[in-house]
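Engineer: Sequence below, structure please.
(one chain, ligands or ions: 2)
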Amino acid sequence: MRSILIVNPKGGCGKTTLTTNLASFYAVWDVPVAIVDLDPQKSSLDWLRARPSHASKIHGFSGLNCKPKLPHNVRRVIYDVPARPQLSAISKLIDVVDVVLIPVLPSAIDVRVTAKFIADLLIKVKVRHKSVKVAIVGNRMQMNYKSTKELDNFLMNADIPFIAKLRASQKYVQSASNGLGIFDMLPSAVKQDVETWKPLLKWIEQVIIR
Ligand SMILES: Nc1ncnc2c1ncn2[C@@H]1O[C@H](COP(=O)(O)OP(=O)(O)OP(=O)(O)O)[C@@H](O)[C@H]1O
Ligand SMILES: [Mg+2]
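Structural biologist: Numbering: from 1, shown residues only. Ligands and ions are numbered 1, 2, ... in the order given. All right, here's what the predicted structure looks like:
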């Protein structure tokens, strides 16, 4: 079993969207997958409740009060973390997961919050001394996106791989309202969106296998 933590203290940057769509990818490809929702808002679990019975199976647990008992066959676990988590709680999770993904929106406000969080991960949590692999994922990037000074400077200084640029797309909003992810949809309807996920999926599986 391998586990993936989706975290960024900034609200609304796409943590739940990344969690649910990654889960839908694994489920569609018959990889037994579970979501552990650590957010009292329970957005991932709400999404899962809306999931149609004919859609491929995704296990869901709240991780708020106790450690969930995961089914033995589960091969991928995805943790959805709330905005503004305690750094001490994140530090403990980092000790048990294989991969940390940090979604970031390409706006100066989001970039600043994320830069401070990454500094905390490097200096206080000392992620570089741990076996966990950390990467940044751009989210809601426009097709004709022109990089900003803030994002460029941030990426240069963060020294953490920037592995994918997920498009801003209504397909995420539409699919989420039915408990689905883009990977549950007709491939022809989400071709451009799926393209932007390929480097992310490749990176995860490469670092997990190593
Ligand atoms: N790539 C995208 N394209 C279009 N809409 C998106 C995209 N990513 C996220 N959204 C939308 O942005 C909103 C916030 O996303 P999401 O709930 O995933 O963020 P979050 O980081 O989990 O928020 P919170 O901090 O409140 O938990 C949602 O309405 C979601 O549908
Ligand atoms: Mg969320």
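Engineer: Look at the residue in the chain that ligand 2 sits nearest to and say how many residues are nearby.
Structural biologist: Using C-beta to the ion, the single residue of the chain nearest to ligand 2 is residue 16, 3.3 Å away. Every residue, glycine included, has its C-beta placed from N, CA and C. Residue 16 has 25 neighbouring residues, counting by other C-beta atoms under 10 Å.
Engineer: can you pull out the helices in this protein?
Structural biologist: 15-28, 43-49, 87-94, 108-123, 149-158, 170-176, 191-209 (DSSP state H).
Engineer: hey, least reliable of those helices by pLDDT?
Structural biologist: For these, mean pLDDT drops lowest on helix 149-158, to a mean of 75.
Engineer: Dump that one to PDB, restricted to CA.
Structural biologist: Provided in PDB are the C-alpha atoms of helix 149-158 (Å, rounded to 0.1, in the frame of the first residue of the first chain):
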ATOM      1  CA  LYS A 149       7.000  36.900 -11.400                       C
ATOM      2  CA  GLU A 150       5.800  35.500  -8.100                       C
ATOM      3  CA  LEU A 151       5.300  31.900  -9.400                       C
ATOM      4  CA  ASP A 152       8.600  31.900 -11.200                       C
ATOM      5  CA  ASN A 153      10.600  33.200  -8.200                       C
ATOM      6  CA  PHE A 154       8.700  30.800  -6.000                       C
ATOM      7  CA  LEU A 155       9.500  27.800  -8.200                       C
ATOM      8  CA  MET A 156      13.100  28.700  -8.500                       C
ATOM      9  CA  ASN A 157      13.600  29.000  -4.800                       C
ATOM     10  CA  ALA A 158      11.400  26.200  -3.700                       C
END
